[in-house]
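Colleague: with the input below, show me the fold.
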Amino acid sequence: MAEVPHISAVELAQRLENGDAIDVIDVREDWERAIVALPFARQIRMIEILTRVDEIPRDRPVVIMCRTGSRSSRTVEMLQSHGFDNVLNLDGGILAWAREIDPTLPQFYT
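Modeller: Residues are numbered from 1 along each chain as shown. As a prediction, the model looks like this:
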């Protein structure tokens, strides 16, 4: 398997601010998103990702995120094995986003 491509929270924030067409998919569970979620990220739980691949665009970058970047990294690998070459893992997940971009977000679950 190829190395998992990744993007930092800072780079993602800059690209979104620049208006780049990037989809962000949160693969966490409902209970995790109830604690903290990014308003621009849509949820496709990791367990559902392969049954919902038709909802994932192939014509623009797609950033996959979770809490720390571990599940999203595995999700990127799954999508790569299904022919996706436009998926990126958010390094450090939502915890990195909260730490580096928006410290007002809840960070109490680590």
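
Colleague: what lies in contact with the longest helix along the chain?
Modeller: Among the elements of the chain assigned as helix by DSSP state H, the one spanning the most residues is helix 70-81. Contact with helix 70-81 is made by 1-2, 4-6, 27-28, 46, 49-50, 53, 56, 64-66, 87-90, 93, as judged by Cβ atoms under 8 Å, 6 or more residues apart in numbering. (Each C-beta comes from the backbone N, C-alpha and C, glycine too.)

Colleague: so for it, what's the average pLDDT?
Modeller: Averaging pLDDT along helix 70-81 gives 97.

Colleague: may I have that helix exported as CSV, CA atoms only?
Modeller: Taking Å, rounded to 0.1, in the frame of the first residue of the first chain, the C-alpha atoms of helix 70-81 are listed here in CSV:
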residue,chain,number,x,y,z
SER,A,70,-5.5,7.0,13.3
ARG,A,71,-8.9,5.9,12.1
SER,A,72,-8.9,8.4,9.3
SER,A,73,-5.5,7.1,8.1
ARG,A,74,-6.9,3.6,7.9
THR,A,75,-10.0,5.0,6.1
VAL,A,76,-7.7,6.7,3.5
GLU,A,77,-6.0,3.3,3.0
MET,A,78,-9.4,1.6,2.4
LEU,A,79,-10.5,4.3,-0.1
GLN,A,80,-7.1,4.1,-1.9
SER,A,81,-7.7,0.3,-2.3
